[in-house]
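Student: Pasting the sequence and the predicted coordinates here, then a few questions.
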Amino acid sequence: MKTIKKRTIIVLLSLLALFAVQNSFAQGAKLGVKGGLNLSHLSIDEANDKNILGGFHLGGWANLPISGPLSLQPELLFSQKGSKWVDKTNTYNAEVKLHLNYLEVPVNLVYNLSKDVDFQLGPYIGFLLSSDSETKISSGSVNMNFDSELDKENFTSPDLGLQGGMRFYVKPLYLGFTYKLGLSRVAKDGRSSENMLGDAANRSIQVYAAFAF
């Protein structure tokens, strides 16, 4: 996606959020915090559960009433993503983890099915904060660990995507899950990361608990 298109999306989302904030706080808007588990991988060929990397997300949210059962929910989250690769042979076991840490801004349209259940759908944009890799190799009684900080210039930022999920109100907490579908390729064109990751994009599931003030 061209840079000008990304900037246009960012501006439109920002204007939408500002308009909702201006018109909603007098109508019962809510502020809160949330956090939970990330289960992430990249959309590489033949990806399976062995590629899932565990992480976490943490941040704040605002729920802004629009009309009737509809509301707008912008969020600001620190979110860990990435992927894991495992290679096992008769002579060694190897595990490589790629960590991609983002500052994410999701903007969800929320439909309240009932007082205690709602559906959420919308876009998100993530700004890459840092990247690193972790490698573990074992052969017999020999174990080797290698940690390396990676140049984040190898990876695309911002990361654009869509997300959807459900949330349940179990007083005093909201419990929910979100599936995130990345639309931007993770590896930047012409960088060494492109040789390994190709046009792979982020995929993740978030399971969380949230609290409203």
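Tutor: Great, that's in hand.

Student: Now do the same contact list for the residue nearest to the spatial centre of the chain.
Tutor: With distances taken as C-alpha atoms, centre = their mean, Ser79 lies nearest the centre of the chain, 5.5 Å away. Ser79 is in contact with Asn38, Gly55, His57, Gly59, Asn101, Tyr102, Leu103, Glu104, Gly126, Ser204, Gln206, counting by C-beta atoms under 8 Å, 6 or more residues apart in numbering. To be clear about C-beta, it is placed using only N, CA and C from the backbone, and glycine gets the same treatment.

Student: three-state assignment of Gly164?
Tutor: strand (DSSP: H, G, I helix; E, B strand; the rest coil).

Student: Looking at the contacts of Ser79, which one is closest to Tyr174?
Tutor: Gln206 (12.7 Å; C-beta to C-beta).

Student: The helix or strand harbouring the closest one pairs with which strands?
Tutor: Per DSSP states H and E, Gln206 falls inside strand 201-212. Strands that pair with strand 201-212, judged by DSSP bridges, come out as strand 30-42 (antiparallel), strand 173-185 (antiparallel).

Student: how about those strands, which one is nearest Ser138?
Tutor: strand 30-42 (22.6 Å).

Student: So which residues of this structure form helices?
Tutor: Secondary structure of the chain by DSSP state H: the helices cover 3-24, 192-197.

Student: Which of those has the lowest mean pLDDT?
Tutor: Among the helices of the chain, helix 3-24 carries the lowest mean pLDDT, a mean of 57.

Student: out of the contacts of Ser79, who's nearest Ile137?
Tutor: Set against Ile137, the nearest of the contacts of Ser79 by C-beta to C-beta is Gly55 (22.2 Å).

Student: How about the closest one: what's its closest non-neighbour residue?
Tutor: Gln80 (3.0 Å; C-beta to C-beta, 6 or more residues apart in numbering).

Student: State whether that neighbour and Asn101 are indeed in contact, as I suppose.
Tutor: Yes: the pair Gln80 and Asn101 passes the contact test of C-beta atoms under 8 Å, sitting 5.5 Å apart.

Student: Neighbour count: these two, which is higher?
Tutor: Applying other C-beta atoms under 10 Å to Gln80 and Asn101 shows that Gln80 carries more neighbours, namely 20 against 17.

Student: What confidence value was assigned to that one?
Tutor: For Gln80, pLDDT reads 97.

Student: circling back to that earlier point, reformat the strands paired with strand 201-212 into a markdown table and put mean neighbour count and mean pLDDT next to each item.
Tutor: A markdown table is the format used below for the strands paired with strand 201-212 (neighbours: other C-beta atoms under 10 Å; pLDDT from 0 to 100):
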| stretch | mean neighbour count | mean pLDDT |
| --- | --- | --- |
| strand 30-42 | 18 | 96 |
| strand 173-185 | 18 | 96 |
